[in-house]
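In: model the following, please.
(chains A and B)
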There are 2 protein chains.
Amino acid sequence: MEHHKDSLSRRQLLEHAAIAAGVTAAIAAIPKPLRAAEALKLKKDDVILLQGDSITDAGRDRRAEGNPNHPRALGTGYPFSIASELLRDHSKLGLDIYNRGISGNKVPDLEKRWDKDCTDLKPSVVSILIGVNDIWHKLAGRYDGTVEVYEKGFAALLERTRKALPETTIVICEPFVLRCGAVNDSWFPEFGERRTAAKRVAESAKTLWVPFQTMFDEAVAAGTQPAYWAGDGVHPSLAGHSLMAQAWRKVVGV
Amino acid sequence: MEHHKDSLSRRQLLEHAAIAAGVTAAIAAIPKPLRAAEALKLKKDDVILLQGDSITDAGRDRRAEGNPNHPRALGTGYPFSIASELLRDHSKLGLDIYNRGISGNKVPDLEKRWDKDCTDLKPSVVSILIGVNDIWHKLAGRYDGTVEVYEKGFAALLERTRKALPETTIVICEPFVLRCGAVNDSWFPEFGERRTAAKRVAESAKTLWVPFQTMFDEAVAAGTQPAYWAGDGVHPSLAGHSLMAQAWRKVVGV
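Out: Numbering: from 1, shown residues only, chains lettered A, B, ... in the order given. Below is the predicted model of the structure:
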């Protein structure tokens, strides 16, 4: 047994060192105000809500969304992995985990459905990943919200959340893209400005921050192709979603 | 950062100690011939195949089964979690991972489709979880295969696999049930005899062995309700599938 475990550890250390170090580096680089002082303590019957756009949605079956912890209601992305692992590792807490991401959503879309799809669920933890459509639809000429509109709308959404749910832990996920597929030079520098805006909003609302862009940048710097993590530059592969789930758990500390 | 990591470790140690210790104990109890001498070394372009019945199938989209690593083709069970994590942790290997479990399958059903759904895929690793329908359908009067029929059929399937794929690592997963839902006293002692038969077959074919029944027994002994891991006693919950994926990775050493 010891031999088995040792050789596994050594091999993983050698093979995955670069990617793992990237996740660690991305988390280590989180500004102090956006870090938890200590790991979140989940309590009995806590509700965990994952919110966002298609990256969060990940093909979930909306007919099942009333049932927490339902495999099909969680989609096939990072919410599924987070839910599976939390339910496994906290078997006595009776956690209820929901995915309410909707493909194509931007900040104003979240705003419209926030009572039903956030406040009413009374989450102990709400995680929000939003922003890629706010720029993508603008680049495509289907939307005219500027960076400022994004920042103001996002800040208002968090203020409203704080007011309605003062005890809730809010987790803001950094919007990210990989430089491949649909993501070309026209996205920059505006995409970076939107990431900075999201970070300002998170700092101002005293939320946690999951550094997905930094994490993917590190993974690419470690030698993998951007398309390995997200073929079209926006929607993560299985590997990309799994890396996100891993970072999310480390940041939130659950 | 150190503080964050330390408190996470301490808390997890306290809260999940029993379940985690159960997985470790289950793995430590694996008979020596059924253990890998050392961790499996995955190689470039390796193909990993998960085979079995509905537990493996887990609602996969069969129209997508030709595409390895496709989220919908992997279902929402332990194959999804294993695939996500292996693709994340071995980003440079170009692994191809398939789920070819089919609901309702028994040993003779695997036998009929083994060329197409195993040999032709040339897997480097094939994992097989089969046996629950062999008894369930018999209890329901829809099948008449005895324990001996199960053992002989399973042994023949592995012999055929060894002959066709001499270099392939074979992983046999222990058939398991939780004592709840559809699983009543009528399943015993025959179910135990079938588990023992599966273990003999694995030993004789020199495969690896994933001790799912021992693992779930330990989890229940640690104080969770059987139905938490599998509501109907047969089909695992999200938490149950996640525990399976964790044990599978530890046993196979990837």
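In: what secondary structure does A:Met244 sit in?
Out: helix (DSSP: H, G, I helix; E, B strand; the rest coil).
In: what's the spacing between it and B:Glu174?
Out: Distance, A:Met244 to B:Glu174, using Cβ to Cβ, to the nearest Å: 32 Å. To be clear about C-beta, it is placed using only N, CA and C from the backbone, and glycine gets the same treatment.
In: looking at the two, which is more packed in?
Out: A:Met244 (28 against 22; other Cβ atoms under 10 Å in any protein chain shown).
In: what's the nearest residue to that one if we skip its chain neighbours?
Out: Excluding the flanking residues, the one nearest A:Met244 by Cβ to Cβ, 6 or more residues apart in numbering or on different chains is A:Tyr78, at 4.1 Å.
In: what's around the one you found, how many residues?
Out: By the criterion of other Cβ under 10 Å, A:Tyr78 has 33 neighbours.
In: okay, it: pLDDT?
Out: What the model reports for A:Tyr78 is a pLDDT of 98.
In: for A:Glu15, same thing?
Out: pLDDT, A:Glu15: 54.
In: could you do A:Gly22 as well?
Out: Looking at A:Gly22, its pLDDT reads 85.
In: give the contact list for the nearest residue to it once chain neighbours are set aside.
Out: Among residues not flanking A:Gly22 along the chain, A:Glu218 sits closest, at 2.8 Å (Cβ to Cβ, 6+ apart). A:Glu218 makes contact with A:Ile19, A:Ala21, A:Gly22, A:Val23, A:Ala25, A:Ala26, according to Cβ atoms under 8 Å, 6 or more residues apart in numbering or on different chains.
In: try it again at 10 Å.
Out: A:Glu218 makes contact with A:Ala18, A:Ile19, A:Ala20, A:Ala21, A:Gly22, A:Val23, A:Thr24, A:Ala25, A:Ala26, A:Ala29, A:Pro211, A:Leu243, according to Cβ atoms under 10 Å, 6 or more residues apart in numbering or on different chains.
In: what helix or strand is it located in?
Out: helix A:212-221 (DSSP states H and E).
In: repeat that for A:Ser127.
Out: Residue-wise, A:Ser127 maps onto strand A:125-129 under DSSP H and E.
In: hmm, A:Arg160 is touching A:Trp114, no?
Out: Yes. Between A:Arg160 and A:Trp114 a contact is recorded at 6.7 Å, counting by Cβ atoms under 10 Å.
In: what count of nearby residues applies to A:Lys66?
Out: Wrong residue type there; residue A:66 is Gly, not Lys. By other Cβ under 10 Å, neighbour count at A:Gly66 equals 9.
In: backbone phi and psi for it, please?
Out: Main-chain dihedrals, A:Gly66, degrees, to the nearest 10: phi -70, psi -20.
In: excluding its backbone neighbours, what's nearest it?
Out: The nearest residue in space to A:Gly66 (Cβ to Cβ, 6+ apart) is A:Ala73, at 8.0 Å.
In: figure out how far the strand holding A:Ser127 is from the centre of its chain.
Out: 7 Å (Cα atoms, centre = their mean, to the nearest Å).
In: try stretch A:67-86
Out: 13 Å.
In: how long is stretch A:56-73 from one end to the other?
Out: This stretch, stretch A:56-73, spans 11 Å end to end (Cα to Cα, to the nearest Å).
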